[in-house]
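1. This is a predicted model, with the sequence first.
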Number of protein chains: 2
Amino acid sequence: MPDETVLRTMLFDFYGELLTEKQREYFDLHYNDDLSLSEIAETEGISRQAVWDIIRRAEASLREIERKTGLVRRYGAQRETVAAIEARLKRLESETDGETRALAREIAALTQELKG
Amino acid sequence: MPDETVLRTMLFDFYGELLTEKQREYFDLHYNDDLSLSEIAETEGISRQAVWDIIRRAEASLREIERKTGLVRRYGAQRETVAAIEARLKRLESETDGETRALAREIAALTQELKG
C-alpha cells in the first residue's frame, strides 16, 4: 500500500474530475500546490473552517469512489507487476545474443508505456 | 476503439458500483443477462418506459464518468501495449537459449496478470 500522500495524489489523479469544481480547486491548492488553509481562506474570502470542510468532503468522496471501484488499487498492483517484468528484462538485456537484446529492449520500451 | 457492446461492458465493469442500486440492477439484467425491457418491467411491476429511462440514465452516467476520467480509454491503450509485448515474448520463447526461454516465460506469466 502506498503512503498516504502518494495515495491521495493518485486518488486525485484518477477521480479528481468527478469532484465539484470547488472541491477540486481547494484540494489541488492545498495538497498539490501546498497552500495552507488560511491562505486559501483569505484568497477566497471565506473561513478557514469552510475551506477545510470542502477539502475534507473532497477527500471523503475520492476515497468512497475508490472503495467502490478499486481502480487505484488495481493500478498499484499493475505497477508491481511491471517492476517484476522490468527486473527480468534487465537480465535479458545483458544476454550476449544480439536479437535477444534487441527484443528485450523493445519490450522494455513498451513496458514504459504501461507506467503512463 | 472497442465496439459499443464491449465498451458498455467495460464501462459497467469499471464504474458500475458508482451507479444507484436500481440503475446497476436494470443495466445488468438488460445488457449482461440479456433480459428484455418488457421482462424487467413485468418482474418489477413498472412500465417498460420506466425501465428504459433508468437504463438510459445509467448508461449516460457511465459515459459521463468516462468522459471525465478516461480510465477505460487508458486501460484499452494498455491492453494494446500488452499485446505488442506478448508478440515479442513469443519470439523470445522460440529462442534456443534455455535461460532466455525461461525468462521469457516468466515475463509472459507476469504479463497475464496485467490483463486481469
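-> Noted; the coordinates are in hand. Residues are numbered from 1 along each chain as shown, chains lettered A, B, ... in the order given.
2. got the domain boundaries for chain A?
-> Per automatic domain parsing, the domain ranges recorded for chain A read A:4-69, A:76-114.
3. For the first one, the averaged confidence score.
-> Pointing back at domain A:4-69 there. Confidence over domain A:4-69 (mean pLDDT, whole number) is 97.
4. okay, how far is it across that domain, tip to tip?
-> By C-alpha to C-alpha, to the nearest Å, the extent of domain A:4-69 from end to end equals 19 Å.
5. now check it, is it near chain B?
-> Yes. Counting by C-beta under 8 Å from any C-beta of the partner chain, chain B has neighbours in domain A:4-69: A:14-15, A:17-18, A:65, A:68-69. From N, CA and C alone the C-beta is placed, and that goes for glycine too.
6. Please apply the same query to stretch A:91-111.
-> Yes. Stretch A:91-111 reaches chain B (C-beta under 8 Å from any C-beta) through A:91-92, A:95, A:97, A:99-100, A:103-104, A:106-107, A:110-111.
7. So among those residues, where is pLDDT lowest?
-> A:Glu95 (77).
8. Can you give me every residue that contacts that one?
-> Residues counted as contacts of A:Glu95 (C-beta atoms under 8 Å, 6 or more residues apart in numbering or on different chains) are A:101, A:104, B:97, B:99-100.
9. Name the member of these with the most neighbours.
-> A:Ala104 (25 neighbours; other C-beta atoms under 10 Å in any protein chain shown).
10. circling back: mind giving me JSON lines with the domains of chain A and columns for distance to B:Arg79?
-> Converted to JSON lines, those look like this (distance: least, C-beta to C-beta, whole Å):
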{"stretch": "domain A:4-69", "distance to B:Arg79": "18"}
{"stretch": "domain A:76-114", "distance to B:Arg79": "10"}
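11. For B:Ala58, which of those domains is the nearest?
-> Among the domains of chain A, the nearest to B:Ala58 by C-beta to C-beta is domain A:4-69 (14.7 Å).
12. Work out the gap between that closest one and the centre of the chain.
-> Averaging C-alpha positions (C-alpha atoms, centre = their mean, to the nearest Å) puts domain A:4-69 14 Å from its chain's average.
13. still on that earlier bit, need the max-distance pair from the residues of domain A:4-69 next to chain B.
-> Maximum distance among the residues of domain A:4-69 next to chain B (C-beta to C-beta): 16.1 Å, for A:Glu17 and A:Lys68.
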